[in-house]
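S.K.: here is the input, now give the coordinates:
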Amino acid sequence: MYLHFGWVDEIENYHKIVKKNPYSVAGLIEYLKFKYPEGNYDIYERFYKQCHSYSHANAMGVIYPLLSYFEISIMLFLAINNTYKYLCDCLEIDTNINGINIYEKTERDYELIISQFNKRNTENFKEYYKE
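M.R.: Numbers count the residues shown, from 1 in each chain. Modelled structure (predicted):
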């Protein structure tokens, strides 16, 4: 996880505030709740926890497993992207990394997955799974 979240080591007092799971979205949310309590982070925490539970649940017997991937991707986006934006706003950090606005890029990706999600129907799933 350090490769994905190692940058949090640069946040002042981060590890003094976040003792459990610092290199995770849950750690970022914990930091935001402590440092900037006026924010509404509960919804992102709930999405993240639901996604974690959902992704580790037994998918046996699910007729169309692809639907689960859509739902997990949407929940992850809502949790991660919005937590990242809140953190950048609170710390007055630019959302650009190597010239790419990460927040805007992921917003466009989210729009794409939502457009695909909105096309879901039994016929499309049957075609995908060749029933």
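S.K.: from here on, just use CA atoms for contacts and neighbour counts.
M.R.: OK.
S.K.: could you check stretch 93-106 and say which residues are buried?
M.R.: Within stretch 93-106, the residues scored as buried using 16 or more other CA atoms under 10 Å are T95, I102, Y103.
S.K.: who are the packing partners of the lengthiest helix in the chain?
M.R.: Longest helix in the chain by number of residues (criterion: DSSP state H): helix 65-91. Other helices and strands packing on helix 65-91, by 3 or more CA pairs under 8 Å, 6 or more residues apart in numbering; DSSP states H and E, are helix 25-35, helix 42-56, helix 102-117.
S.K.: nearest to E71 among the buried residues of stretch 93-106?
M.R.: Y103 (19.9 Å; CA to CA).
S.K.: was I right about the closest one contacting T95?
M.R.: Yes. Y103 lies in contact with T95 (CA atoms under 8 Å); the separation is 6.2 Å.
S.K.: which neighbours do these two share?
M.R.: Common neighbours of Y103 and T95, using CA atoms under 8 Å, 6 or more residues apart in numbering, are K85.
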